[in-house]
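J.: Okay, structure incoming, though there's no sequence with it:
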């Protein structure tokens, strides 16, 4: 597991470039929205598919890093995923409304929210959304619409960049450029997980980042995903965090 951590942390150089607003690595489109969050988020919603729920969920890795931080971070994280799902599968308006017995909903006597349920909402598209000519228009359509819905609800939307298949590494440029372009159009910051993924492979080629299907993340891949979220959401270096994913 220590090799997983060392490779993942080295790969965070990819995230550092984009977090600072620089154009680098395998993208040619420059992100227009790179400002850090105004405050440390207390409640987060992550919307996605199996890329986010594999290996007990990326939120498990993120929570492990938060709990091992100094000082300890206590952000609550809700993960809502649909297998093979695209953003179009998700009813974002329903997710952002209070429901009976929902511990994240603080409502008044009329059942109305006293404040937004989530500080941030992370949107993760289908793995082919940024590379398939047929899927791309739908990725753009729903990313823009859902970002607007998140802002209307009083939360901040963020777009997760996924990674290419193991047997199609050259797709990273198309994937990164299309994701950043859509993020720019939707006026939301992109979390560059895919770029960090490829940097990890460059830094340590013998570290297996994929499941045998050449698509879903291995434990190392999910660890890296969590590490990039940690760095991006909190502006903190995960290197000192004593968490190896066990």
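T.: Good, I have the coordinates. Every value quoted in this text rests on a predicted model; they were computed, and no experiment measured them.

J.: Leaving out sequence neighbours, find the closest residue to the most centrally placed residue in the chain.
T.: By Cα atoms, centre = their mean, the mean C-alpha position of the chain lies nearest to residue 160, the distance being 3.7 Å. Closest residue to residue 160 apart from its sequence neighbours, by Cβ to Cβ, 6 or more residues apart in numbering: residue 124 at 4.1 Å. For every residue, glycine as well, the C-beta is placed using N, CA and C.

J.: Could you count how many residues lie near the one you found?
T.: 26 (other Cβ atoms under 10 Å).

J.: mind listing what it touches?
T.: Each residue near residue 124 by Cβ atoms under 8 Å, 6 or more residues apart in numbering is listed here: 46, 47, 48, 49, 51, 52, 160, 162.

J.: again, only this time at 10 Å
T.: Applying Cβ atoms under 10 Å, 6 or more residues apart in numbering, we find residue 124 in contact with 46-49, 51-52, 58, 81, 85-87, 90, 158-162, 191, 193, 225.

J.: Can you show me the helices along this protein?
T.: Along the chain, the stretches classed as helices by DSSP state H are 2-19, 50-53, 58-67, 92-95, 136-152, 171-185, 193-203, 219-234.

J.: Quick check, the residue nearest to the centre of the chain in contact with residue 197.
T.: No: look at residue 160 against residue 197 with Cβ atoms under 10 Å: they stay out of range, at 11.5 Å.

J.: which residues are in contact with both of those two?
T.: Common neighbours of residue 160 and residue 197, counting by Cβ under 10 Å, 6+ apart, are 225, 228.
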